[in-house]
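J.: model this:
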Amino acid sequence: MPEQKKEIVLSGIRSTGNLHLGNYYGALRKFVAVQNDYDCNFFIADLHALTTNPNPEDLHKNARQILAEYLAAGLDPEKSTIFVQSDVPEIAEMYLLLNMHVGIGELMRTTSFKDKARKALGITAPADDSDEAFEKEIIGASTNKRVNAGLLTYPTLMAVDILIQKATKVPVGKDQLQHLELTRRFARRFNSFYGVDLFPEPTDFDFGGQPIKVPGLDGSGKMGKSEGNCIYLVDDPKVLRKKVMHAVTDEGPKEPDSPMSEPIANLFSLLELTSKPEVVQQFRDAYADCSIRYGDLKKQIAEDILAVTTPIRERVNDILADEEYLAKVVRMGAEKARERAAKTLAEVRYIMGIRKF
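T.: Take a look at the predicted model:
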């Protein structure tokens, strides 16, 4: 009896800085858990990172760092395809070809493009957020500022990342759901236009269970690089403890069983992620009877987070010091990713009429 093919999972992360606790609990731990059950493909999206015009040295350094952090967190190059996006040149060519079936209007209407374009142009979001108002803003913007075409066509490149590997399950955050829907639309459009059944329509992969939201240290919202409220997996103990001790709190409960403010609820969320149940209960009881000391709570959170991140940080340092191993992982990943990408691109070229004479 032939072995059943595993479903293809694909996820990428832009090479714009270190991975943080939110990346670890929200995605990385889940990636590690599914490596045996799915055909997993994890990549460092250095081409996507180009939309912000990073320093070339930083781009390379960040890609290398994230690769090491992926490996240190438990991703196994023998079980998963781990690669750097730019090592698969087929992606760039298919990006051009797919753009021939993508409309400027549908790209300009994406929420992420509007947000990033306004940020690039220094425009505050107006009360009128209609497509017409946005187009006027772009046209009337100062000529000494610009919105690069890479920002506009970001959804096309994301779609190509997925479609070129024929992935069917793609874990994405809320801010990327619109892009995933565009990917499905582009797949349907290509298949319909050419009368083929080439691309499967990918769906969001939630790994089952409730999604994990890791809060930041600033009292509101989730942990994120752009918010500056992160605990990074490679933070040394002194830095990490200082960050946690400076986390936002309130004046403390005044009456027994008082409801928690958002900053305190966030601290308890971090405690629940990293501490033992009996420790969590101890601090919940202390909050309920108004005897809690936030300094003690923060110290406990810091030490329990360090118990998680210290082994990862140490493995990252070991991996970064082993140039031969890193080169081997990148080479293996590129070969595996290119094998399927080349096959898909050849099919696309043939279907579109780009053939040898």
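J.: mind listing what the residue nearest to residue 305 when sequence neighbours are not counted touches?
T.: Excluding its sequence neighbours, the residue lying closest to residue 305 (CB to CB, 6 or more residues apart in numbering) is residue 274, at 5.1 Å. For the C-beta atoms, the positions are set from N, CA and C on the backbone; glycine is no exception. With contact set as CB atoms under 8 Å, 6 or more residues apart in numbering, residue 274 has these partners: 301, 304-305, 307-308.
J.: also residue 196?
T.: Per CB under 8 Å, 6+ apart, neighbours of residue 196: 190, 351.
J.: am I right that it sits in a helix?
T.: No: secondary structure assignment (DSSP: H, G, I helix; E, B strand; the rest coil) places residue 196 in coil, not in a helix.
J.: quick one: contacts for residue 349?
T.: 97, 355.
J.: for it, helix, strand, or coil?
T.: Strictly by three-state DSSP, residue 349 counts as helix.
J.: pLDDT value on it, please?
T.: Predicted confidence (pLDDT) for residue 349: 98.
J.: give me the residues contacting the one helix or strand residue 94 maps to.
T.: If you go by DSSP states H and E, residue 94 is part of helix 89-99. Helix 89-99 is contacted from outside by 47, 85, 153, 156-157, 159-161, 163-164, 186, 190, 338, 341-342, 344-345, 348-349, 352, 354, using CB under 8 Å, 6+ apart.
J.: residue 87 touches residue 334, doesn't it?
T.: Yes: counting by CB atoms under 8 Å, residue 87 touches residue 334, with 3.9 Å between them.
J.: just to revisit the earlier point, so which bits of the helix holding residue 94 are buried?
T.: 90-91, 93-95, 97-99 (16 or more other CB atoms under 10 Å).
J.: same check, this time on stretch 207-218
T.: 212, 214-218.
J.: could you do stretch 234-250 as well?
T.: Under 16+ other CB under 10 Å, the buried positions of stretch 234-250 are 234-235, 240-241, 243-244, 247-249.
J.: with stretch 300-308 instead?
T.: 300-302, 304-306, 308.
J.: list the contacts of residue 21.
T.: Taking CB under 8 Å, 6+ apart, we find residue 21 in contact with 214, 223, 230-233, 270, 273, 305, 309.
J.: which neighbouring elements make contact with the helix or strand that contains residue 281?
T.: Element membership for residue 281 (DSSP H and E) is helix 277-288. Counting contacts by 3 or more CB pairs under 8 Å, 6 or more residues apart in numbering; DSSP states H and E, helix 277-288 packs against helix 262-274, helix 294-320.
J.: among these, show me which one is buried the most.
T.: The highest average neighbour count among the helices and strands packed on helix 277-288, using mean count of other CB atoms under 10 Å, belongs to helix 262-274 at a mean of 19.
J.: let's see it as PDB, backbone CA atoms only.
T.: The C-alpha coordinates for helix 262-274 follow below in PDB (Å, rounded to 0.1, in the frame of the first residue of the first chain):
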ATOM      1  CA  GLU A 262      -5.200  44.900  31.400                       C
ATOM      2  CA  PRO A 263      -1.500  45.400  32.400                       C
ATOM      3  CA  ILE A 264      -1.900  43.000  35.400                       C
ATOM      4  CA  ALA A 265      -3.900  40.400  33.300                       C
ATOM      5  CA  ASN A 266      -1.100  40.500  30.800                       C
ATOM      6  CA  LEU A 267       1.500  39.800  33.500                       C
ATOM      7  CA  PHE A 268      -0.600  36.800  34.600                       C
ATOM      8  CA  SER A 269      -0.800  35.600  31.000                       C
ATOM      9  CA  LEU A 270       3.000  35.600  30.900                       C
ATOM     10  CA  LEU A 271       3.100  33.700  34.200                       C
ATOM     11  CA  GLU A 272       0.600  31.100  33.000                       C
ATOM     12  CA  LEU A 273       2.700  30.500  29.900                       C
ATOM     13  CA  THR A 274       6.000  29.900  31.700                       C
END
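J.: helix, strand, or coil at residue 250?
T.: coil.
J.: ok, it touching residue 261?
T.: Yes: applying CB under 8 Å, one finds residue 250 in contact with residue 261, separated by 4.7 Å.
J.: so residue 71 makes contact with residue 332?
T.: No: Residue 71 is beyond contact range of residue 332, at 11.8 Å (criterion: CB under 8 Å).
J.: any common contacting residues for those two?
T.: 77, 82.
J.: returning to what we had before: which one of the contacts of residue 21 sits closest to residue 62?
T.: residue 232 (12.5 Å; CB to CB).
J.: so what's that closest one bridging to?
T.: Residues in a beta bridge with residue 232, per DSSP bridges, are residue 20.
J.: what residues are up against it?
T.: 18-21.
J.: let's see it at 10 Å
T.: 17-21, 23-24, 69, 223, 225, 239-240, 243, 309, 313 (CB atoms under 10 Å, 6 or more residues apart in numbering).
J.: tell me, how many residues neighbour residue 56?
T.: Residue 56 sits with 9 neighbouring residues when counted by other CB atoms under 10 Å.
J.: tell me who's in contact with it.
T.: residue 50.
J.: on that earlier part again, nearest to residue 57 among the contacts of residue 232?
T.: Nearest member of the contacts of residue 232 to residue 57, counting by CB to CB, is residue 17, at 14.1 Å.
J.: distance-wise, check the closest one relative to residue 172.
T.: 19 Å (CB to CB, to the nearest Å).
J.: who has more neighbours out of those two?
T.: A side-by-side neighbour count of residue 17 and residue 172, using other CB under 10 Å, places residue 172 first with 19 against 16.
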